[in-house]
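**Student:** From the sequence below, what's the structure:
(chains A and B)
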Amino acid sequence: MLKDIVLETTESEATEFTVSYWKVDPGAAVREGDELLIVESVDDKTALAVISRHAGTLAEILVQENATVAPGDRLGRIDVE
Amino acid sequence: MKTGARLPAWLTKPLANPAETRFVRETLRSHGLNTVCDEARCPNRADCFSRGTATFMILGDRCTRDCRFCAVSHAGPLPVDPAEPDEVASAATTLGLNFVVVTSVTRDDLPDGGAAQFAATIHAIKRADPSAGIEVLVPDFGGSTDAIETVLAAGPDVFGHNVETVERLYHAVRKDARYERSLEVLSRAAASTSGALVKSSIMLGLGETREEVRRVLVDLLAAGVEIIYMGQYLRPSAEHHPVARFVTPEEFDEFASECLSMGFRWASAGPFIRSSYRAHEAVEALGSRRPAFVDSVRGEERA
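**Tutor:** Prediction:
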């Protein structure tokens, strides 16, 4: 079963982020709590890691490096089976 | 693979969920309080808020100075709120803080620089919880000895004042401050009989050289500073002073070791170290020297 990786509403006040890089390649196993990708915004002093809410396999990357994303956007999909 | 990254990998934090910080945020809002965490856009705030702690910023959210490293707004100041000390104490109680850190904007418009409000806040926190540890991070009060003594007489466990950077960069990033004056504030606090531990912090990555940092450390030690914190400067916006370089975690470790070798009693150094970050740890390690006469004042207040 495929589960969306969504950029959640966050503590950050930023409304727009840039995808820095993915830490996981498609086909790789991921555990719940793993860092999946790094995003940055000009409003934050740090890079921010998007954490996996599921265990499974990274099935698909939907946003590439340097893409602009906003809270609520789908970033990729995890096959949880 | 990392072509999209603006910041080095060691400056990454987990994307925090607002649900984890809600309790702190709601407590601050209900008491009408400001934090330097939010005003300075601290990178650790989600971390600290989710652990139930925050650093209170008193005397309003408008600073009378306009330092080039700082995100706190620069504007005409608001009147001092006489209810603020009790609101801070009440919020600290609600949050269950056993170590409270209080800082402020700089208030060059006030005759005492806001020292009396610091003292009132310390007393209010002690009335609410006599066992709470208290750290203040004060502005330079224009170098006023009276202001420094007013704060120290209230009996904080830690008296902090940040030199922030090396002397050469003061004009570029702290144009209304003076390096020598900040050292004097610290040495006066260290020379007092209050017993407060004296603390200072430096940001790295503003363009300083390693030799200049060493000079600051020597000066701080000579002033009587016992606790030193060092962290990476991070630019709050494109309008602020640019980051000259990102100091590696290994270099921070070297600085921490060097500080302890030089004679500082406590050194925290790392990319995300900020002067208030996990501030209780130094006092827990070193032990408070809260003096007897302050305890007696507290006793009278409780009676």
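**Student:** ok, now which ones touch the closest residue to B:N162 other than its chain neighbours?
**Tutor:** Once flanking residues are discounted, B:N162 sits nearest to B:S201: 4.4 Å by CB to CB, 6 or more residues apart in numbering or on different chains. Just so you know, the C-beta spots here come from the backbone N, C-alpha and C atoms, and that holds for glycine as well. Contact partners of B:S201, counting by CB atoms under 8 Å, 6 or more residues apart in numbering or on different chains, are B:G160, B:N162, B:V163, B:E164, B:I228, B:Y229, B:M230, B:G231, B:R274, B:S275.
**Student:** The residues you listed into TSV, with extra columns for neighbour count, pLDDT and secondary structure?
**Tutor:** What follows is the contacts of B:S201, written out as TSV (neighbours: other CB atoms under 10 Å in any protein chain shown; pLDDT from 0 to 100; DSSP: H, G, I helix; E, B strand; the rest coil):
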residue	neighbour count	pLDDT	secondary structure
B:G160	26	98	strand
B:N162	22	98	coil
B:V163	26	98	coil
B:E164	23	98	strand
B:I228	27	98	strand
B:Y229	26	98	strand
B:M230	25	98	strand
B:G231	23	97	strand
B:R274	25	96	coil
B:S275	26	95	coil
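**Student:** Need the phi and psi values for the residue nearest to the spatial centre of chain B.
**Tutor:** What sits nearest the mean C-alpha location of chain B, by CA atoms, centre = their mean, is B:L137, with 4.1 Å. B:L137 adopts backbone torsions of phi -120, psi 100, taken as degrees, to the nearest 10.
**Student:** So for stretch B:199-218, what gets flagged as buried?
**Tutor:** For stretch B:199-218, burial by neighbour count (16 or more other CB atoms under 10 Å in any protein chain shown) applies to B:199-208, B:213, B:216-217.
**Student:** Near B:A91, how many other residues are there?
**Tutor:** Here the number of neighbours of B:A91 (other CB atoms under 10 Å in any protein chain shown) works out to 24.
**Student:** related to what we said a few turns ago, and the residue nearest to the centre of chain B, how far from chain A?
**Tutor:** The spacing between B:L137 and chain A, counted by CB to the nearest CB, to the nearest Å, is 19 Å.
**Student:** so what's that residue up against?
**Tutor:** Counting by CB under 8 Å, 6+ apart, B:L137 has contacts B:V36, B:T55, B:V101, B:V102, B:T103, B:S104, B:G160, B:H161, B:N162, B:K199, B:S275, B:S276.
**Student:** Just give me the closest of those to B:S268.
**Tutor:** B:S275 (9.0 Å; CB to CB).
**Student:** In helices only, show me the buried residues of stretch B:199-218.
**Tutor:** Counting by DSSP state H, the part of the buried residues of stretch B:199-218 found in helices is B:V213, B:V216, B:L217.
**Student:** Chain A: which of these is nearest?
**Tutor:** B:V213 (21.0 Å; CB to the nearest CB).
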